[in-house]
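Undergrad: mind folding the following:
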Amino acid sequence: MIIIAAVRSFITYVAISLYVFVTGIVGMLLATLFGWTGILYIFGHGGVRLGLALSGIRYRVAGAEHLPLDRAAVYCANHQSNVDPPLLFTALHPRMHILYKAEIEQIPILARAFRMGGFIPVDRRNKEVAMRAIDAGAASLRHGNSFLIFPEGTRSKTEELLPFKKGGFIMAIKAGAPIVPVAVQGGRAAMRRGSRIIRPVTISIRVGEPIPTAGLDLKQRDVLIARVRERISDLIALGPV
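TA: Numbering: from 1, shown residues only. Purely as a prediction, here's the structure:
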């Protein structure tokens, strides 16, 4: 079984690398010449679906009625594996923006496409630069763009949530955007930390009711963080979909 998963993983990595190289160049060219930034999202969703199909990963969503697709929001999820970001990018919103780790800047084509699509890099090693990224994210939210954040900052090794970082919550408060709690389960089984093998599993996604931030100030961010953390913990406690 592990051999089959390893072969499928290798095929997935090769196929996605080629896909990103070709569609990344084509998409950025079209976006530059004609302003069609939407094509980057179409190609992005296509790449995610290709990767899921090749690796054998499926997913189920509960609580889709809570998705505020008619307005900008911050989608806040726990983090189990490297599968989480692309999966939630496709499963939750047709034009989801992401605050991504600055390390991705080392992948030129992908990073360039991310920036053209409105994604924002965050370098947590530099507080001043990180805060500028948060301000840019708040401005983008005010212009109607939704964002996906992983406040733990890294993948948790257990079902226990790691401490939440404050940046995404500051961004939401500054923009007055609601926060949508999201619980992912099964990601760790799909791709264990330190392993490159992607296993064919079904991942569960639970979406909770949006938590408003309108009227809050930055002094209340810790209370907001505690509330969102508790909501995500409750969703995890419900078990897989």
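Undergrad: what's the first-to-last distance across stretch 105-119?
TA: 12 Å (CA to CA, to the nearest Å).
Undergrad: stretch 99-116 too?
TA: So stretch 99-116: terminal residues 13 Å apart, CA to CA.
Undergrad: likewise stretch 161-168?
TA: Note: stretch 161-168 ends 16 Å apart using CA to CA.
Undergrad: chain center to it: distance?
TA: 14 Å (CA atoms, centre = their mean, to the nearest Å).
Undergrad: check stretch 229-241 too.
TA: Relative to the centre of its chain, stretch 229-241 is centred 18 Å away, using CA atoms, centre = their mean.
Undergrad: likewise stretch 144-163?
TA: Using CA atoms, centre = their mean, the offset of stretch 144-163 from its chain centre is 9 Å.
Undergrad: report the buried residues of it.
TA: Neighbour-count burial for stretch 144-163 flags 145-153, 155-156, 161-162 (criterion: 16 or more other CB atoms under 10 Å). The way it works is simple: take the backbone N, C-alpha and C, and place the C-beta from them, glycine included.
Undergrad: sort out for me which of those residues are in strands.
TA: By the criterion of DSSP state E, membership of the buried residues of stretch 144-163 in strands covers 147-149.
Undergrad: out of those residues, which is nearest to residue 128?
TA: Distance ranking of these against residue 128, using CB to CB, places residue 149 first at 19.6 Å.
Undergrad: not counting its neighbours along the chain, what's nearest that closest one?
TA: In space, and not counting its chain neighbours, residue 149 is closest to residue 168: 3.6 Å by CB to CB, 6 or more residues apart in numbering.
Undergrad: which residues touch the helix or strand hosting that neighbour?
TA: Using DSSP states H and E, residue 168 sits in helix 167-175. For helix 167-175, the surrounding residues in contact (CB atoms under 8 Å, 6 or more residues apart in numbering) are 72, 74, 76, 99, 122, 124, 130-131, 133-135, 137-139, 141-142, 147, 149, 151, 177-179, 213, 216-218, 220-221, 224-225, 228.
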